[in-house]
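Chemist: Okay, sequence plus prediction incoming.
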Amino acid sequence: MSTKGKVLVAMSGGIDSTVTALMLHDEGYEVIGITMKTWDYAGSGGSKKETGCCNVDSFNDARMAAVQHGFPHYILDIRDEFRGFVIDNFVEEYLAGRTPNPCVLCNTHIKWRALLKRANALDCDFIATGHYAKIRQHENGRFVVSKAVDETKDQSYVLWGLQQDLLCRTILPLGPYRKTEIRQMALDYGYPELAKKSESYEICFVPDNDYRGFLKRRVDGLEEKVNGGNYVDTKGNIIGKHKGYPFYTIGQRKGLEIALGRPVFVTKIDPETNTITLGDEEDLEQNEMIVAKLNLVKYDMINPGMEAVTKIRYKDKGALSNIYPENGSLKVRFYEHVKGIAPGQSAVFYEEDDVIGGGIIQSGVLSRDS
């Protein structure tokens, strides 16, 4: 019997989750592998075959690693939960003129909860994943997510929604390592094909990366209902026609199919009037925003005016700001203007490498008084 305890490891069949399971197994944990089936891409009508975490080859790779190293492996079907929460939200957000972040919802509301439920059923002490981030217990007693050593792979941004009951049971072994080291470990474990395996950065249920086509297939008659809306300039003058507001995102420049003699960007989306506002790059600049649907990680409350580095998208380097609690939400005031604040995206607040918390962007403004 293991002295370190029993751990349920989410295994996608990829390099990171496989190395995670084998590392914990070597460290003396009693490992149980589990692969979650979230989506049947064949039923979506896309142009590509299933890729990434939801294809038979990945299931077999995960199971084979478990068999070879002598620990059990299960497959957990969570397609109904995934479809009913993540995919429905994805569609609803675009129809509301916002830009969703399905990976955050999947992690916080589906995968971790499903893992914890199955871990309890199997009498597991911990759950583990192959995410690049760290978890530790702060001196105030709360469990904190912080950045991985390899900042090029850091995934702390997508984990802001994990609540304390999940964090206190979670192990993230890859946080102290660089991706190059994990590839070498895969070679050392005898999995050269994993070490060479390419990574997918697409949304798992849109592997052809065509979210517009996905929306059209999910919503009957969508294209006909929204086609032919107006492009307007920042003063409200009609300057052209577009293909429908759900098919555009804040900050978009390419694919607008309009010639104005200069580069223009989507600066506002109005679903009520099916109107897209186009402006210059400087029109994307804002310095305040409201963030709701909060989850606090490092502290159980925010002191008004607390300084934080705020990231407004996954690959954002972050910008200095002050954050203020306001009617169950947070007002964020940036020290300098930032570009492309998109309602529906996640805002994540950092204190050095630690995640203070995060939430969903509701709106952004350019305050002339700040």
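Modeler: Great, that's in hand. Predicted model only: the values in this text are computed from it and were never measured. Residues are numbered from 1 along each chain as shown.
Chemist: List the contacts of stretch 324-341.
Modeler: For stretch 324-341, the external contacting residues (CB atoms under 8 Å, 6 or more residues apart in numbering) are 250-251, 281, 284-292, 294, 301-302, 304-305, 310, 312-313, 319-323, 347, 349, 359, 361-362, 364, 366-367, 370. For glycine as for every other residue, the C-beta is placed from the backbone atoms N, C-alpha and C.
Chemist: repeat for stretch 342-351
Modeler: Under the contact criterion CB under 8 Å, 6+ apart, stretch 342-351 has outside partners 93, 96-101, 104, 147, 156-158, 160, 249-251, 289, 291, 298, 308-313, 318, 321, 323, 330, 332, 355-364.
Chemist: ok, back up a step: drop anything exposed from the contacts of stretch 324-341.
Modeler: 250-251, 284-291, 294, 302, 310, 312-313, 319, 321-323, 347, 349, 359, 361-362, 364 (16 or more other CB atoms under 10 Å).
Chemist: Inside strands: which ones of the residues you listed?
Modeler: For these, the ones inside strands are 285-291, 294, 310, 319, 321-323, 347, 349, 359, 361-362, 364, with DSSP state E as the criterion.
Chemist: nearest spatial neighbour of Tyr94, skipping sequence neighbours?
Modeler: Pro246 (4.4 Å; CB to CB, 6 or more residues apart in numbering).
Chemist: Just give me the neighbour total for that neighbour.
Modeler: Other residues within reach of Pro246 by the criterion other CB atoms under 10 Å amount to 25.
Chemist: do Arg178 as well
Modeler: Arg178 sits with 16 neighbouring residues when counted by other CB under 10 Å.
Chemist: go on, Gly261?
Modeler: Other residues near Gly261 number 5, with proximity taken as other CB under 10 Å.
Chemist: do the one 5 residues further on as well
Modeler: By the other CB under 10 Å criterion, the neighbourhood of Val266 contains 23 residues.
Chemist: Look up how far Val291 lies from it.
Modeler: Applying CB to CB, to the nearest Å, one obtains 21 Å for the distance of Val266 from Val291.
Chemist: Also Gly318?
Modeler: From Gly318 across to Val291, the span is 14 Å (CB to CB).
Chemist: next one: stretch 218-234 to chain centre, how far?
Modeler: Remark: stretch 218-234 is offset 27 Å from the chain centroid, using CA atoms, centre = their mean, to the nearest Å.
Chemist: mean confidence score for that stretch?
Modeler: Across stretch 218-234, pLDDT averages out at 94.
Chemist: got the buried residues for it?
Modeler: Of all the residues in stretch 218-234, those buried under the rule 16+ other CB under 10 Å are Arg218, Leu222, Glu223, Val226, Gly229, Asn230, Tyr231, Val232, Asp233.
Chemist: Of those, which pair is most distant in space?
Modeler: With distances taken as CB to CB, the most widely separated pair in the buried residues of stretch 218-234 is Arg218 and Asp233, at 31.7 Å.
Chemist: does Tyr248 really touch Asp270, like I thought?
Modeler: No - between Tyr248 and Asp270 there is no contact, the gap being 11.1 Å when judged by CB atoms under 8 Å.
Chemist: So these two - more neighbours on which side?
Modeler: Tyr248 (22 against 14).
Chemist: Distance-wise, check the more buried one relative to Asn107.
Modeler: Between Tyr248 and Asn107 the distance, using CB to CB, works out to 26 Å.
Chemist: And Ala148, by the same measure?
Modeler: Plainly put, Ala148 is 15 Å away from Asn107 if you go by CB to CB.
Chemist: do His242 as well
Modeler: Taking CB to CB as the measure, His242 falls 33 Å from Asn107.
Chemist: what does Leu215 give?
Modeler: As it turns out, when the distance is counted by CB to CB, Leu215 lies 22 Å from Asn107.
Chemist: for Gln137, same thing?
Modeler: Between Gln137 and Asn107 the computed distance is 20 Å (CB to CB).
Chemist: List the contacts of Glu307.
Modeler: With contact taken as CB under 8 Å, 6+ apart, Glu307 is in contact with Leu320, Ser321, Asn322.
Chemist: Can you name the residues bridging to it?
Modeler: With DSSP bridges applied, the residues forming beta bridges to Glu307 are Asn322.
Chemist: Going forward, the N-terminal residue is numbered 293.
Modeler: Renumbered: residue one is now 293, and that last one reads Glu599.
Chemist: And it, how far from Ile615?
Modeler: When Glu599 is compared with Ile615 (using CB to CB), they lie 8 Å apart.
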